[in-house]
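In: here is the input, now give the coordinates:
(2 chains)
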There are 2 protein chains.
Amino acid sequence: MVGFLACDWGTTNLRAWRLDGTGKVVAERDFPFGVSRLKRGEAATLFAEEVRPAMEAQDLPALLCGMIGSNLGWTVVPYLNLPSRLSDLKAALHRVEGEGAPVRIVPGLRGEGLGAPEVMRGEETQLFGWLALDPARVQGRHVVCHPGTHAKWAVLENGAVTRFLTAMTGELFDVLGKHSVLRWDGPADDEDAFREGLSAAGEGDALSSRLFTARTRVVAGDASAETTPSYLSGLLIGAEVASLPRLLGLEPGADIALVGDPALCRWYEIALRHRGFAPSVQDGERAAIAGLLALQDGVL
Amino acid sequence: MVGFLACDWGTTNLRAWRLDGTGKVVAERDFPFGVSRLKRGEAATLFAEEVRPAMEAQDLPALLCGMIGSNLGWTVVPYLNLPSRLSDLKAALHRVEGEGAPVRIVPGLRGEGLGAPEVMRGEETQLFGWLALDPARVQGRHVVCHPGTHAKWAVLENGAVTRFLTAMTGELFDVLGKHSVLRWDGPADDEDAFREGLSAAGEGDALSSRLFTARTRVVAGDASAETTPSYLSGLLIGAEVASLPRLLGLEPGADIALVGDPALCRWYEIALRHRGFAPSVQDGERAAIAGLLALQDGVL
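Out: Okay, the predicted model is just below:
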């Protein structure tokens, strides 16, 4: 392998790594080129004129995952239907047109959710990266949770993604914090209030009612307003972890792998332990690199 | 009775009725004086200089319910703790200071909710109005739902409000429609899409996940974007009616009285029937007038 340029090109930014022929990261950098900010046709130009030179990767093959394969990105790469294995994804890498070193985009995945389709772009690469980081994981059934604005919960069975569900928990938190009667300023870093929110989440039912307790515990109770974001974070994450594992058929005490931002995974870890699950945490960036490497390796 | 001026003075507007000595409404009018728009101390002046003259009620006693009794209103009237009967509320009417014909404010109610206090201001008057409209309702146990931005579900037992819960369903609908990835323009008037949302609500669990189907059914499915508000309305109201009656101990098939805006009650009626309940609908304005009359009558 001659090395390659690996990118996680998402909605809000682009994270790039140059890997050498042994798969080692030799350069890394963030670019403010999230697809939500791109003008039509701009992706190819920015990549050639900004990303490649900055990464000293003019002549290297490139592999991109994330929303860059959507209608807001470089070109639309069709979703791959479940069940999907690493080899399926490899076979479906989409080479974009153009001169110079090849650029390929990882397709997203599409499955059936709660009465409507489910789609992901970017998380699939972290899922297969999580598998690649420990080949023993190819055996058996695993549930992986990728927390975030739109959290993804995926079932992997003998190396194939067989099902996944989305929870827009992060977006609910943001929208309620900015625009609702529960709005606040300040950080969500109070573990006691977070745990209070976990307890208030019940069995994940009656969320529109439980949410209101974030207000009344302050207005008509004794809680301080500064604890509202932590309480609400606990309530929303608590409702998610009370519901999603059950929908995916997990028994109490089951293992759940968290893959994503370590700080956010830490809160999910507390929430999962609170409900009796056995969480592990994998840094999402490392999983993304491992996934891109597994997809690139051997197909140059 | 000499007649009186009855007002439902809420967050966004003030609705006033002049009743004659027989309890008949002889004048009615809306004023854009919702407490969210009031400057400090302005309520008394607006009432004396705008509302009374416009209603030709300069010398009549006045009875006000709603947020006018909050810290944003005329003066803070303490909540009455549950259980609370009409006679308790009558005894706690708060007469505001000032010259001229007396002005009294109905206190709100306070109870214990889902691990946090619950409060209402204004809906209590409609609850007792609903009782007053059919005295037979003073017997037995009834559940009354008042839909709205913050829907209230109350239990009435032998004439006393014994418990209530809030669901911020209406606010979630507004906030998601304006500020989330699910945002839309246009009306929520498609009954088929509403019913599709009801079915997608499941048992009221996993709401942050089910909400996401409002997006994927359009982006990755075959649904038209114009149906999103109706679908989401069905999903949110469906989740509410799947959860709240259970929390209040209602059996399938139970009677539930809807008291409020008739157009909104109509959607709740569809949702309750969908889950096998037996809803009835009472116009909220008529209930408010009946409640104010029951509170005023005999205590002049």
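In: the top helix by length along chain A and chain B, any residue contact?
Out: Under DSSP state H, the helix in chain A containing the largest number of residues is helix A:228-247. Yes: judged by C-beta under 8 Å from any C-beta of the partner chain, helix A:228-247 comes into contact with chain B at A:236, A:239-240, A:242-244, A:246-247. Heads up, the C-betas are built off the backbone N, CA and C, glycines and all.
In: name the helices or strands packed onto that helix?
Out: strand A:151-157, strand A:160-167, helix A:169-179, helix A:191-200, helix A:207-210, helix A:213-219, helix A:262-274, helix B:207-210 (3 or more C-beta pairs under 8 Å, 6 or more residues apart in numbering or on different chains; DSSP states H and E).
In: switch the cut-off to 7 Å
Out: In terms of contacts (3 or more C-beta pairs under 7 Å, 6 or more residues apart in numbering or on different chains; DSSP states H and E), helix A:228-247 is packed against strand A:160-167, helix A:169-179, helix A:191-200, helix A:213-219, helix A:262-274, helix B:207-210.
In: quick one: it to strand A:160-167, angle?
Out: 140 degrees (axes from the mean of the first three to the mean of the last three C-alpha atoms, to 10 degrees).
In: now the angle from helix A:228-247 to helix A:191-200?
Out: Helix A:228-247 runs at 40 degrees relative to helix A:191-200, counting by the same axes, to 10 degrees.
In: would you mark the buried spots in helix A:228-247?
Out: A:228-247 (16 or more other C-beta atoms under 10 Å in any protein chain shown).
In: put the alpha carbons of it into PDB.
Out: Only the C-alpha atoms of helix A:228-247 are listed here, as PDB (Å, rounded to 0.1, in the frame of the first residue of the first chain):
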ATOM      1  CA  THR A 228     -31.600  22.300  34.000                       C
ATOM      2  CA  PRO A 229     -29.300  21.400  31.000                       C
ATOM      3  CA  SER A 230     -27.800  18.500  32.900                       C
ATOM      4  CA  TYR A 231     -31.200  17.300  34.100                       C
ATOM      5  CA  LEU A 232     -32.700  17.500  30.700                       C
ATOM      6  CA  SER A 233     -29.600  15.700  29.200                       C
ATOM      7  CA  GLY A 234     -30.200  13.000  31.700                       C
ATOM      8  CA  LEU A 235     -33.900  12.900  30.900                       C
ATOM      9  CA  LEU A 236     -33.400  12.700  27.100                       C
ATOM     10  CA  ILE A 237     -30.500  10.200  27.200                       C
ATOM     11  CA  GLY A 238     -32.300   8.300  29.900                       C
ATOM     12  CA  ALA A 239     -35.500   8.000  27.700                       C
ATOM     13  CA  GLU A 240     -33.300   6.900  24.800                       C
ATOM     14  CA  VAL A 241     -31.500   4.100  26.700                       C
ATOM     15  CA  ALA A 242     -34.800   3.000  28.300                       C
ATOM     16  CA  SER A 243     -36.400   2.500  24.900                       C
ATOM     17  CA  LEU A 244     -33.900   1.700  22.100                       C
ATOM     18  CA  PRO A 245     -32.200  -1.400  23.700                       C
ATOM     19  CA  ARG A 246     -35.600  -2.900  24.300                       C
ATOM     20  CA  LEU A 247     -36.700  -2.200  20.700                       C
END
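In: beyond it, next helix or strand please.
Out: strand A:255-260 (DSSP states H and E).
In: and that following strand, which strands flank it?
Out: strand A:141-146 (parallel), strand A:278-283 (parallel) (DSSP bridges).
In: against B:G66, how distant is A:L127?
Out: 52 Å (C-beta to C-beta, to the nearest Å).
In: repeat for A:N158
Out: Distance of A:N158 to B:G66, computed by C-beta to C-beta: 61 Å.
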